[in-house]
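J.: Need coordinates for the below:
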Amino acid sequence: MNSKDYMFLENTIHKNYIKFDLTEEILSHLFVTKDGTVMAVKKEYLKDIDKDKINLNLLGYKKDDDFIPKKISSEEDLKKVLYCCSLE
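T.: Numbers count the residues shown, from 1 in each chain. Just a heads-up that it's a prediction; the model follows:
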């Protein structure tokens, strides 16, 4: 594991909060501990999300309640939540 390839999470997420089946492909982009806590994500995994729109929502400049999910029920939701929890 090269730490330069990963974005570590400020707020970790346990796999129990993810409401869909994680495939091996998705798991290959995550650093998950033995107890199921997602500690980091590969930067390349989050390259295709709209980071500007997420940041505007987080800062309160754009009001879109559905854009940042409250439940992680799809891979797209997972990417958004991982970006919001990351230290970068």
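
J.: for this protein, what spans make up the strands?
T.: 6-14, 30-32, 37-42 (DSSP state E).

J.: Give me the contacts around stretch 5-22.
T.: By C-beta atoms under 8 Å, 6 or more residues apart in numbering, the list of residues contacting stretch 5-22 from outside reads 30-32, 35-44, 46, 71-75, 78, 81-82, 85-88. Just so you know, the C-beta spots here come from the backbone N, C-alpha and C atoms, and that holds for glycine as well.

J.: Residue 79 contacts residue 46, correct?
T.: Yes: the pair residue 79 / residue 46 is scored as a contact, 5.6 Å apart, by C-beta atoms under 8 Å.

J.: how about the closest residue to residue 67 other than its chain neighbours, what does it touch?
T.: Distances taken as C-beta to C-beta, 6 or more residues apart in numbering place residue 57 nearest to residue 67, at 5.3 Å, with adjacent residues excluded. Applying C-beta under 8 Å, 6+ apart, we find residue 57 in contact with 63-64, 67-68.

J.: and residue 30, bridged to which residues?
T.: residue 41 (DSSP bridges).

J.: doesn't residue 37 make contact with it?
T.: No: using C-beta under 8 Å, residue 30 makes no contact with residue 37, being 10.2 Å away.

J.: who has more neighbours, those two?
T.: Using other C-beta atoms under 10 Å, the more surrounded residue of residue 30 and residue 37 is residue 30, with 19 against 14.

J.: Please name the residues that touch that one.
T.: 22, 38, 40-42, 45 are the contacts of residue 30 under C-beta under 8 Å, 6+ apart.

J.: Please, a PyMOL command that selects the buried ones among these?
T.: Those of those that count as buried under 16 or more other C-beta atoms under 10 Å are selected in PyMOL with:
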select buried, resi 38+40+41+42+45
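
J.: Right, I'll call it a day here.
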